[in-house]
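Q: need a structure here:
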Amino acid sequence: MDLNDLQKYFNEAYHFEKLKENSIIFFKEMIDNCQNNYLKEEDDHLPDGLKLKDLIVEYKCIELIINDRNRLYPFFRVCLELLHPKTEIAEYYYDIEYTIEGELSDEYFGNKFPRIAKS
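A: I've put the predicted structure just below:
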């Protein structure tokens, strides 16, 4: 089995297009409701009057993690990015982690370019 076969098997087994679409919808709903979740702090600190809802949600990739020394079973992440509407440069990432059974396990949100505290 080569990596193309593995990709084809993964895409079929996890219904890749639907998984990708549902992940984007889930993240957009979180952004729309950001005043009531942990994204509020980032939304309140965006420069130039921008809000998270102004940024473009884009699919980046799926990371398949196998043979991880800290995990008994393989898992995968759907990786999304938030792009600045003018520059289309990724400002934030959002990863949704799934178990090998396809169940939501965890999520990660972060700034691609963390702010440096001013002294």
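
Q: which of the residues in the helix ranked longest in the chain are buried?
A: Counting by DSSP state H, the longest helix found in the chain is helix 16-32. Using 16 or more other CB atoms under 10 Å as the test for burial, helix 16-32 gives 19-20, 23-24, 26-27, 30-31. Bear in mind the C-beta positions are built from the backbone N, C-alpha and C, glycine included.

Q: Tell me the one of those residues nearest Tyr93?
A: Comparing these against Tyr93 with CB to CB places Phe27 closest, at 10.7 Å.

Q: The closest residue to Lys40 other than its chain neighbours: neighbour count?
A: Distance criterion CB to CB, 6 or more residues apart in numbering; nearest residue to Lys40, sequence neighbours excluded, is Cys34 at 5.5 Å. Here the number of neighbours of Cys34 (other CB atoms under 10 Å) works out to 18.

Q: which residues sit in contact with Phe75?
A: Contacts for Phe75 (CB atoms under 8 Å, 6 or more residues apart in numbering) come out as 65, 68, 97-100, 105.

Q: just the buried members of these?
A: Among the contacts of Phe75, those classed as buried by 16+ other CB under 10 Å are 97-98, 100.

Q: Inside helices: which ones of these?
A: Those of the buried ones among the contacts of Phe75 lying in helices (DSSP H): none at all.

Q: what's the closest of those residues to Ile89?
A: Nearest to Ile89 among these, with distances taken as CB to CB, is Glu97, at 24.6 Å.

Q: for the closest one, which residues make a bridge with it?
A: Using DSSP bridges, the beta-bridge partners of Glu97 come out as Arg77, Asp106.

Q: quick one: the helices in this structure?
A: Under DSSP H, the chain gives helices at 3-13, 16-32, 40-44.

Q: pLDDT and distance to Leu46 for the buried ones among the contacts of Phe75 - can I get that in CSV?
A: Shown next, in CSV, are the buried ones among the contacts of Phe75 (pLDDT from 0 to 100; distance: CB to CB, whole Å):
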residue, pLDDT, distance to Leu46
Glu97, 95, 25
Tyr98, 95, 29
Ile100, 91, 36
